[in-house]
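>>> Below are the sequence and a predicted model for it; my questions follow.
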Amino acid sequence: MRVSECITCEAFPCADVRHDCYIVPGISVKPEAVSIVMISEAAPANPDDYYYAKGQPLFQKTTVQAFNDAGSAVSSMEDIVARGVYLTTAVKCGKTGYGIQSNTIRECSCLLEKELALFRNVKVLMLMGDVAIKALNCVARRIGQKRVLPPGSTYKIRGQKYSLNGIRVLPSYLQAGPSFFIEKSKRKMIAEDIAAALRLAGA
């Protein structure tokens, strides 16, 4: 299955993102083999930096390092996918500034909802940063449930038990992009959260 063939944004209604940077994962994946979905912020400004791009894209480089920090010996995105991990973004277009408007996150969470529905055996959702957290809360409210995660700083809500439809939800920090190598305290927490996700999923 290729997710990019299953979901698409046709109207592109959001005004504060770059539609020319729109990306939905196009890799071939067996949905039944996916036990962890890792959701980061937004598509990169340069498509060559995306998780599944050829060569050594930035998103792959920082994510591979994060998994190695967590004690998981991987060297490529293929290795990570082989462990049952599927990576995507909450917002499918690139950012135009530092932040992303709430309306955009809510709009794009409709695509995320359809994307998550493709994977029936998921045990853990990893939310890498505030945008992913907000997006999943939008999904929860749309399906008639309470918000999955409470408001507050990620470091305050980490380590508690959250779930959506029986799937464990782990809030963490953004692992995709150059800031990963700068913020060492967050990098340590990201490693802890990935290790916890792998344990919970038995991956």
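Yep, that arrived.
>>> residue boundaries of the helices in the chain?
Along the chain, the segments classed as helices by DSSP state H run 58-69, 77-82, 102-116, 130-142, 154-157, 184-201.
>>> Run through the neighbouring helices and strands of the fifth one.
It stands for helix 154-157. The criterion is 3 or more CB pairs under 8 Å, 6 or more residues apart in numbering; DSSP states H and E, and the helices and strands that helix 154-157 contacts are strand 167-172. Where you see a C-beta, it was placed from the backbone N, CA and C, and this is true even at glycine.
>>> same thing but 10 Å
Using 3 or more CB pairs under 10 Å, 6 or more residues apart in numbering; DSSP states H and E as the contact definition, the elements that helix 154-157 packs against are helix 130-142, strand 167-172, helix 184-201.
>>> For residue 59, give me its contacts.
40, 43-44, 48-53, 77, 87, 89, 175-177, 180 (CB atoms under 10 Å, 6 or more residues apart in numbering).
>>> change it to 8 Å
By CB atoms under 8 Å, 6 or more residues apart in numbering, the contact set of residue 59 is 40, 44, 49, 50, 51, 53, 87, 176, 177.
>>> Could you report the pLDDT at it?
The model reports residue 59 with a pLDDT of 97.
>>> can you pull the contacts of residue 175?
When contacts are taken as CB under 8 Å, 6+ apart, residue 175 is in contact with 38, 40, 62, 63, 66, 128, 190, 194.
>>> let's see 7 Å
For residue 175, the set of contacting residues under the criterion of CB atoms under 7 Å, 6 or more residues apart in numbering consists of 40, 62, 63, 66, 128, 190.
>>> quick one: which of these is nearest residue 117?
Minimum distance to residue 117 across the contacts of residue 175 is 19.2 Å, recorded for residue 40 (CB to CB).
>>> What's the separation between that closest one and residue 60?
Residue 40 sits 12 Å away from residue 60, taking CB to CB, to the nearest Å as the criterion.
>>> Of the two, which one has the most company?
When residue 40 and residue 60 are compared for neighbours, residue 40 comes out ahead with 27 against 23, by other CB atoms under 10 Å.
>>> what separates that one from residue 143, distance-wise?
Following CB to CB, the distance that separates residue 40 from residue 143 is 22 Å.
>>> Pull the CA coordinates from the lowest-mean-pLDDT helix or strand in the chain and hand them back as CSV.
For the chain, using mean pLDDT, DSSP states H and E, the weakest element among its helices and strands is helix 154-157, scoring a mean of 91. Coordinates of each C-alpha in helix 154-157 appear next as CSV, following Å, rounded to 0.1, in the frame of the first residue of the first chain:
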residue,chain,number,x,y,z
THR,A,154,5.5,18.7,27.0
TYR,A,155,7.9,18.1,29.8
LYS,A,156,5.1,18.4,32.3
ILE,A,157,2.8,15.9,30.5
